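J.: Quick one, fold the following:
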Amino acid sequence: MSAESRYNSGMRLLLVEDSERLQRHVGQGLRDAGYAVDIAESGTQGLWMAKSVDYDVIVLDLMLPGMDGMELLRKLRDAGRDTHVLILTAKDTLEDRITGLNGGADDYLVKPFAFEELLARVQALVRRRHNRKHPVLSIGHLRIDVAARSVTRGGDSVDLTPREFALLECLAVHMGEVVSRTEIESRIYDEQAEPMSNVVDAAIYSLRKKIDAPGQPSLIETRRGMGYILREHPGKTGSSSSGNGENGGGGGERQAV
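T.: As a prediction, the model looks like this:
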């Protein structure tokens, strides 16, 4: 899947870093937290990708081959892109920090760093991008803690895989809005993944089994030919499908939520 073909917006991050060790460490850590992560190894590649995809957050090294991080940041801002940028660098003087923040960065973290702090800063920038101050989202009987990456249903813990959590967060951030399969695919799958044609339907089906209360309508409504919508209260539209969705595993129509 090329960068140009990915749908804009979503829980998608870009890591611009030339160190293979940090690419592996940071990239895998962010994926384990449920984010889709693309990696650029040079400033030139990073700028091209940052202009091609509307990332939620860009984690940017400053000392890069091809184009340094500050030049990339200036060109990105000059192009009118407002993507949140977290500078991750070994340049640790006060002057360096001031230059980075005044140059258009939203946050600045010095190497060496604790991954837990990096993740917390990324999560804060993602919340800011989606105009959310509080890390906990409540939908019906669900509580979604995007900082702790945890979900409870009626007070009981729900065990979700990182990809299931990413899918739920994607729908929750856009609660009440239809999210297409194309959008979902772009938000939970990165350049390392080669999803099958029915993978979104399968993921929705699996997520419903875990978050829906027994005997109650599904919180995830299917809009035929359009996508999916997370709703807190039962909907009355006739265009929705069953809580078990289109992936098999259940028959007939049911009232959507």
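J.: In the stretch 101-250 of the chain, where is pLDDT below threshold?
T.: 131-133, 189-197, 233-250 (pLDDT under 70).
J.: again, 50 this time
T.: By pLDDT under 50, the weakly predicted segments of the stretch 101-250 of the chain are 234-250.
J.: so where do the helices sit in the stretch 51-200 of the chain?
T.: Assigned by DSSP state H, counting those that start in this stretch, the helices in the stretch 51-200 of the chain fall at 69-78, 94-102, 115-129, 162-173, 181-188, 199-211.
J.: Nearest to residue 156 among those would be which one?
T.: Relative to residue 156, the nearest member of the helices of the stretch 51-200 of the chain by CB to CB is helix 199-211, separated by 11.0 Å. The way it works is simple: take the backbone N, C-alpha and C, and place the C-beta from them, glycine included.
J.: C-terminal to the helix or strand encompassing residue 221, what's the next element?
T.: Using DSSP states H and E, residue 221 sits in strand 220-223. Where DSSP H and E defines the elements, the next helix or strand beyond strand 220-223 is strand 227-230.
J.: contacts for that next one?
T.: For strand 227-230, contacts defined as CB atoms under 8 Å, 6 or more residues apart in numbering pick out 139, 168, 171-172, 174-181, 183-184, 204, 219-223.
J.: quick one: it to chain centroid distance?
T.: 16 Å (CA atoms, centre = their mean, to the nearest Å).
J.: same thing with stretch 106-124?
T.: Counting by CA atoms, centre = their mean, stretch 106-124 comes out at 16 Å from the chain centroid.
J.: Show residues contacting that stretch.
T.: Contacts to stretch 106-124, defined as CB under 8 Å, 6+ apart, come from residues 13, 25-26, 29-30, 33, 35, 57, 59, 84-92, 97, 100-101, 125, 128, 135, 146-147.
J.: Which members of these are classed as buried?
T.: Buried by 16 or more other CB atoms under 10 Å: 13, 26, 29-30, 33, 35, 57, 59, 84-89, 91, 97, 100, 125, 135, 146, out of the contacts of stretch 106-124.
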